[in-house]
Every structure is written in structure tokens, then in C-alpha cells.
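1. Next input, structure requested:
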Amino acid sequence: MPRKRWLPQWVSEFRDRHGKPRYRFRRQGFAQYLFKNAPGTEGFRQEYEGCKQGLVAEPIMAGAERTKPGSFDDLVSRYYRSPDFLDPGDRTREVYRGVIDRWRETVGKNGRRFGDSMVSDLESRHVEAMMAAMLPHRTAANMLRKRLSALMNFAIRQGIASSNPVLATRPYKVETDGFHTWTEDEIAQYQKRHGVGTKARLAFDLMLWTGQRGGDARVMGPQHIRGKRLTVTQEKTGAVVSLPILAPLAESIMATRSGAMVFLLSDQGRPFSRKGFGNKFRQWCDEAGLRHCSAHGLRKAAARRFAEAGCSNQQIKSWTGHVTDSEVARYTAAADQAMLSDAAADLLMANLRNRLANQNDNQLESNG
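-> Purely as a prediction, here's the structure:
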């Protein structure tokens, strides 16, 4: 469908498989981007600005490698153009692409790339061997298993495969609570190392005082501020959150030199890429002696603080952008447990005091 005259440059409309109008950014030399918001909205304007700056529609290498029909390279090429891959958020697509592309460039024992292998030749034992070769990294092995299963389900619909051999395999058991949630002592330690007015502190404050992901913090800028509120369209989910700018964050923004479009600029004076921001924040944490802390753990710390303050799940979700209570529960479980145990302790001790008082009253009545 040709671009409508009222749409911005490089934006065109198309209909998805359900007949719903969708909008995409397509510019030569850049990755395609599907908008999560409709034209004319503030969310769309923010996404479009991100596309023009190469923040969400990143530059790509021109040209496509010729593939053998029925091979995994052929399948992946089709998959990358399908709703299965294009419908999730662009951050999710980036993760999926990284897993798939690393795998298909891997050379097997037969000296061939996995991407050159035929889809119809894949067996369950092959998947198990690939997963075993990734140990002790169980989480990465399980992620590969999920991506291969999604590819094989797509291959069945494409008529390239008749079954999904990945389903016969089992994921590794992983015992983890996910990213470490920053403690108050760790927050204070980072703040002591990186003072207000530094780029490291502004990045920290943008995440801690908004509860947003690092990927969203790196593209926040003056254009997102309306009055005393910060409006953010989350990169991963497309959720729009409007947040009051708390005093510590306002102080940090005002004290730090930033760019015209974004608050955080790299050492080269450009907006951070996703990977670049992650690497830089990792460096800042290491400089503060917090090697086990991460950007996502800071988002969890923000949710923990809300839970400890007695906020409801609905109130916490209004900040974090989560949709379900179960998502919030994973972030606030420790705080909820501590608060519930304190409340249970108060009830227990009150009940014991009442029991003792009743016993004393009964003793007095019997003596009288």
C-alpha cells in the first residue's frame, strides 16, 4: 500500500492478518519498525523521533545472503518477515534475532553452519546436543530451545517441516530469582560514588525515580516532559505511562548537561545505542563496587520501594507499566513477605497479650 500523503516521511500503512490498520517505518539502510501507537498521538510522535534518530529503527547492512530452499537460513529469512517475529516489541525482536543469528552461524561437528542445514533433518537428539554444548549456561540453552521451537512451528505452517522435534526435549531446571534487586545500602553506595550532576547519576536517577527499564531511560528527553510530568512510551510493550517528576529526579536533570533530544549522551555526543547504554551502566556499577547490580535490578528496587510504602498493585502498575498482578508480584515478593510477616507478628503478639490478660482476669476472679 502506498504511503498516504498525510503520513510522515518513511511511514506507510498496511493491514495485518486481522484486517487491522498498522503503520511501519521503512527507510533504506535501516531496520523496519512497526509503530505501537496511532498517528497523531504523542506516543506515535515519540516513536517516530526515535526512528529518525536511529534509536529504534537501527542501521542495517544492505544486501541479503542467497539461501538454499528448505535450509534454516531460508526459514529464518521468512520468519523475520512474519507476524511471529514482527508483532513483539523491537527490544524483544532484538533478543530473538541475537539468539537465532548466533546459533545459525555456529559450525557443527560436520564442519557446516547450522544455518546451511536442512530444516527437515533436525531431530530431537540434535537439539539436546546443541543445548548440552552450551552448559553451564542453562538459561541460554533454554532460550535457544524456545527459539528453535518457535522456528519449527513456523516451518510447519510454511510446509517446510511436518513436525516439531523440539517438543520432545526438556528445558534445564534453572533456580534463580532473576536480576538482583538493589538494596538501600547499594543505592546509597552508588549515589556516594556518582554525585548529582554526573551522567552516571542521571542515568541512575532516571531509572530509580521512574521505575522504567534502561532501554526507556536512554531515550528520555526534554520532549517527554509536559508541565511537571514525564510521559514515556515503553519500548518493550508500547505501554504509555505519565509520571510525576519527583524532586530528586528534577534536581538530577537540572544539574546535568544533556542533549536537545535526550538527557543521556555517549562520550561521542550521540544518543546511546541499547548495547552501548547497557555496557556503560555496567561500567558505572563496577566503578561503585556493585558488580552484582544491574539496570533491571534498579527497576525492581523502584517497585520494592512502592511495595514497602504500602502501595497497591494497581498503584505500582501505574508506574512500572506492568499489565498483570503476577508480573508485579515477581518484583515485590520480598517486600510483600517482609510486610506480611511483620503484620503477622503484630497479630500474634497481640493475641498472646490478650490471652495472658484473660488468664490474669480469670485468676483474680477465682481468688476473689
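
2. Do you know the pLDDT at residue 239?
-> The per-residue pLDDT reported for residue 239 equals 84.

3. isn't it right next to residue 320, touching?
-> No - the criterion here is CB atoms under 8 Å, and residue 239 misses it with residue 320 at 9.1 Å. In this view, the C-beta of every residue, glycine as well, is placed from N, C-alpha and C.

4. which of these two has more neighbours?
-> Under the neighbour definition other CB atoms under 10 Å, residue 239 and residue 320 were set side by side, and residue 320 has more, 23 against 17.

5. okay, now the closest residue to the more buried one other than its chain neighbours: neighbour count?
-> Counting by CB to CB, 6 or more residues apart in numbering, residue 211 is the residue found nearest to residue 320 once chain neighbours are left out, at 4.8 Å. Residues near residue 211, counting by other CB under 10 Å, number 25.

6. Would you check that residue 211 makes contact with residue 307?
-> No - assessed by CB under 8 Å, residue 211 is found out of contact with residue 307, at 11.5 Å.

7. so where is the stretch 51-200 of the chain shaky, pLDDT-wise?
-> 55-66, 176-177 (pLDDT under 70).

8. can you give me the strands in it?
-> Counting by DSSP state E, counting those that start in this stretch, the stretch 51-200 of the chain forms no strands at all.

9. try the stretch 251-368 of the chain
-> Here the stretch 251-368 of the chain has no strands by DSSP E, counting those that start in this stretch.

10. per-residue pLDDT, the residue lying closest to residue 22 once chain neighbours are set aside?
-> Residue nearest to residue 22 in three dimensions, not counting chain neighbours: residue 16, with 5.1 Å by CB to CB, 6+ apart. As predicted, residue 16 sits at a pLDDT of 79.

11. give me the number of residues near residue 16?
-> 12.

12. I'd like the numbering to begin with 451 instead of 1 from here.
-> Understood, numbering begins at 451; the last thing we discussed is residue 466.

13. and the closest residue to residue 640 other than its chain neighbours, how far is that from residue 633?
-> Spatial nearest neighbour of residue 640, chain neighbours left out: residue 738 (4.6 Å); criterion: CB to CB, 6+ apart. For residue 738, the distance to residue 633 (CB to CB, to the nearest Å) stands at 13 Å.

14. more crowded one of those two?
-> residue 738 (18 against 13).

15. one step back: was I right about the residue nearest to residue 640 contacting residue 643?
-> Yes - counting by CB under 8 Å, residue 643 is a contact partner of residue 738 at 3.9 Å.

16. what residues are shared contacts of those two?
-> Counting by CB atoms under 8 Å, 6 or more residues apart in numbering, residue 738 and residue 643 have no common neighbour.

17. For the stretch 701-818 of the chain, give me the ranges with low pLDDT.
-> Counting by pLDDT under 70, the ranges of the stretch 701-818 of the chain that qualify are 709, 784-786, 788-790, 817-818.

18. ok, residues contacting stretch 769-784?
-> In contact with stretch 769-784 (CB under 8 Å, 6+ apart) are residues 628, 631, 660-662, 684, 687, 689, 691, 693, 749-750, 752-754, 756-757, 763, 766-767, 786.
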